[in-house]
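Engineer: structure of the sequence below:
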Amino acid sequence: MRDFEPSKKAWGTPLPLEGLRSFRHPNPGHVFGAAVWHEGEALASNGFVALRATTGWWGPEDFGQASDAFQERFFGIPWGGMPAGNEWSNLDDVRGTLYRGHPGVMYDKGRDGWRFADCAKVRVGGAVVVPLSVLQWVARLPRCEVWTGLGDGDQPLAFRFSGGVGMIAPDASALVDFAIFEPRRHDDGSRIARSGPRPGFSLPGWPPVDKTDDSIIEP
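Structural biologist: Numbering: from 1, shown residues only. Sure, this is the predicted structure:
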């Protein structure tokens, strides 16, 4: 489980293989239990965050090919909705806030295998709420930025980093522990947008993995 141990240290550029593998599901028998190769990209997901990378400290020989089951779930994510525009915010600017007093543990080990651990919730850009532990791991990606432009709370949080892109599934929790990159607003409370189109996500394919106990594979 070394790949999943909490750390504040950012990965360098290009992203090392161990960094990419940190976003796979910790149960090896899971459909997302390994990072894979598909048509020139390295793909990884744990059901709560997914990323695809074209550049990294690896080669195609370091991966198995994506199975049909992997592709069906992974490409059910609305990748075509990756936003365009300049409303991206660098996670390095809030690194101190993200790691203050929080361990960054994504998983707990139980008798039935590894399960996603409870953690604080963070609102990003005035809209999307995501688990803090996931955001901490995403913040370790090199030169990572999150989308903080116009969007809705039920849309995934898009991010980009040196060599790839990714998305974090929105958290349905109404409770928010703190917020980052809060937008400026007009006197009437409406948001002041810098520029850029509203992302057009199609949510039925997200998240790619059911969050019920049925998605947990025994080790």
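
Engineer: isn't residue 71 up against residue 37?
Structural biologist: No - look at residue 71 against residue 37 with CB atoms under 8 Å: they stay out of range, at 11.6 Å. From N, CA and C alone the C-beta is placed, and that goes for glycine too.

Engineer: all helices of this protein, in order?
Structural biologist: All helices of the chain, identified by DSSP state H, fall at 17-21, 68-74, 95-99, 132-138.

Engineer: so where's the chain shaky on pLDDT?
Structural biologist: 1-3, 5-6, 185-219 (pLDDT under 70).

Engineer: now with 80, please.
Structural biologist: 1-7, 81, 101-104, 110-113, 173-174, 184-219 (pLDDT under 80).

Engineer: nearest to residue 59, out of the helices of the chain?
Structural biologist: Closest approach to residue 59 among the helices of the chain (CB to CB): helix 17-21, 9.4 Å.

Engineer: mind giving me the packing neighbours of that closest one?
Structural biologist: Judged by 3 or more CB pairs under 8 Å, 6 or more residues apart in numbering; DSSP states H and E, helix 17-21 is in contact with strand 41-45.

Engineer: circling back to that earlier point, tell me the most buried of the helices of the chain?
Structural biologist: helix 132-138 (a mean of 23; mean count of other CB atoms under 10 Å).

Engineer: identify all contacting residues around that helix.
Structural biologist: Residues outside helix 132-138 that contact it (CB atoms under 8 Å, 6 or more residues apart in numbering) are 6, 8, 22-23, 48-49, 91, 98-99, 102, 104-106, 117, 119-122, 124, 144, 146, 159, 166, 168, 177.

Engineer: repeat the analysis, applying 6 Å as the threshold.
Structural biologist: Helix 132-138 is contacted from outside by 48-49, 98, 102, 104, 106, 119-120, 122, 159, 168, using CB atoms under 6 Å, 6 or more residues apart in numbering.

Engineer: of those residues, just the buried ones, PyMOL syntax please.
Structural biologist: Restricted to buried positions by 16 or more other CB atoms under 10 Å, the PyMOL selection for these reads:
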select buried, resi 48+49+98+102+104+106+119+120+122+159+168
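
Engineer: redo the contacts of helix 132-138 as CSV? Include distance to residue 27.
Structural biologist: What follows is the contacts of helix 132-138, written out as CSV (distance: CB to CB, whole Å):
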residue, distance to residue 27
48, 14
49, 16
98, 26
102, 24
104, 20
106, 13
119, 19
120, 24
122, 26
159, 24
168, 20
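
Engineer: where strands are concerned, which of the contacts of helix 132-138 count?
Structural biologist: If you go by DSSP state E, the contacts of helix 132-138 have 49, 122, 159, 168 in strands.
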